[in-house]
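In: Compute the structure for the input listed below.
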Amino acid sequence: MKKIFKTLSFCLAIIMLIQVSPLTAFATSNSSAQSTIMSMEIDESNGISKLIESYNDSIFYTYLDNDISYCAQITSQGDIQFSYLTRNNGNIFESDVKNINTIYTEYGISKASDTNYELLNQTIINNRNSFNVTQCENMIASEQPFEQPYSGTSSNNVYSTLASAVTANFGANYGGSLKGVAAEKYNGTSYTVYCHESQTSNSYTLHSRTFAKDVAISVISTWVINAVGTVTGGVGFVLSEVIETTIEDGIEYVVNEVTARIGVGERIQTRLVTVAGYSGTQYWAGWTRKMFFLGGNKGWKNWGGYPYNEKHYDYDDIVGLMDTGFQNFINNVLS
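Out: Model (predicted):
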């Protein structure tokens, strides 16, 4: 069973365009905060992805193409702060806070027709060299990431370690779960065929980077989407859950220097077919899923769906698995 996981792509098979009005993501029973995805577009053929989400009275606009990754926060007071990363050299730039009406007027944009602030942000992206931005310094890429368990109180599905976050999302490992049993006959002899299922999970840190005190949360968002090569649901919201932040004039900033991490959790479920009284597996099928997790000084939390999801075509056909396994048993053991 060969598995391949691309760190720079979600390996989407088709161009996906989603317009939802609205889709709630990452809402939890013990949290009043929630992220609402307003629109999402992923065009892997052209290397472009875009997501617009709202939470905490703000709109977050994230965008990625072959040249830059970009994230902007727009407040309910009509201000905007944005950051972008130039993908050829990894430099991250952070803007000051600007009033969106000033940008609309300066560039002749019709505010009334600007659905989800699309025109506003695309204008900033296309004219980014004309805005007052500062290159972020004091950022270190960790070669050997070290995970220090959070000693505070975690909530909202935030967990102290990556391993505990993976277990909470995928469930505990198990083995020998009986999924099916069948009675078979061959040349007048009866045989009992079993199908058992097991689950194993593992996790690892894919990327990590240390960010200075007082940088905007949009700075870390640009790094995250650049590192994985696409956008997915609620990046700003999840970062706010795992990193200690403060809000000043509606814009969210990091309280202290922090190492942000991108982790991967993997779940492998395997179904094995055996024949009672005989050693060895006669047939098997597997299902492997991987999920991204984001980590910070407050802990770890899952970040959206499955960037890798591979299931053998016959995994769900338990009767078919046992039939195939018994036929293999006849061909390889009895013949």
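In: Going by C-alpha atoms from here, please, whenever you check contacts or count neighbours.
Out: Will do.
In: Just the strands from the stretch 201-335 of the chain, written as ranges.
Out: With DSSP state E, counting those that start in this stretch as the criterion, the stretch 201-335 of the chain has strands at 245-248, 251-254, 258-275, 283-296, 299-302, 308-311.
In: For Asn328, find the nearest of those strands.
Out: strand 283-296 (7.4 Å; CA to CA).
In: buried stuff in the closest one?
Out: 283-296 (16 or more other CA atoms under 10 Å).
In: How about stretch 311-320?
Out: Tyr315, Ile318.
In: and if you look at stretch 243-257?
Out: Ile243, Glu244, Thr245, Thr246, Gly250, Ile251, Glu252, Tyr253, Val254, Val255, Asn256, Glu257.
In: Helices of this structure, residue ranges please.
Out: Per DSSP state H, the chain carries helices over the ranges 100-106, 118-126, 162-170, 217-228, 235-242, 318-329.
In: Isn't Ile225 up against Asp65?
Out: No. With contact defined as CA atoms under 8 Å, Ile225 does not reach Asp65; the gap is 10.3 Å.
In: more crowded one of those two?
Out: Per other CA atoms under 10 Å, whichever of Ile225 and Asp65 has more neighbours is Ile225, with 23 against 18.
In: how far away is that one from Trp303?
Out: To Trp303, Ile225 is 11 Å away according to CA to CA, to the nearest Å.
In: count of neighbours near the nearest residue to Ser203 once chain neighbours are set aside?
Out: Spatial nearest neighbour of Ser203, excluding adjacent residues (CA to CA, 6 or more residues apart in numbering): Gly265 at 4.4 Å. Using other CA under 10 Å, Gly265 has 23 other residues around it.
In: What's opposite Gly265 in the beta bridge?
Out: In this entry, Gly265 is beta-bridged to Ser203, Met291, by DSSP bridges.
In: Please apply the same query to the one 10 residues further on.
Out: Per DSSP bridges, the residues bridged to Val275 are Val193.
In: between the buried residues of strand 283-296, which is nearest Asn202?
Out: Taking CA to CA as the measure, Asn202 lies nearest Lys290 of the buried residues of strand 283-296, at 9.6 Å.
In: Nearest residue to that closest one in space, ignoring adjacent ones along the chain?
Out: Among residues not flanking Lys290 along the chain, Glu266 sits closest, at 4.4 Å (CA to CA, 6+ apart).
In: Surely the one you found and Asn202 touch.
Out: Yes. If you go by CA under 8 Å, Glu266 and Asn202 touch, sitting 5.4 Å apart.
In: Those two: which is more packed in?
Out: More crowded of Glu266 and Asn202, by other CA under 10 Å: Glu266, with 20 against 15.
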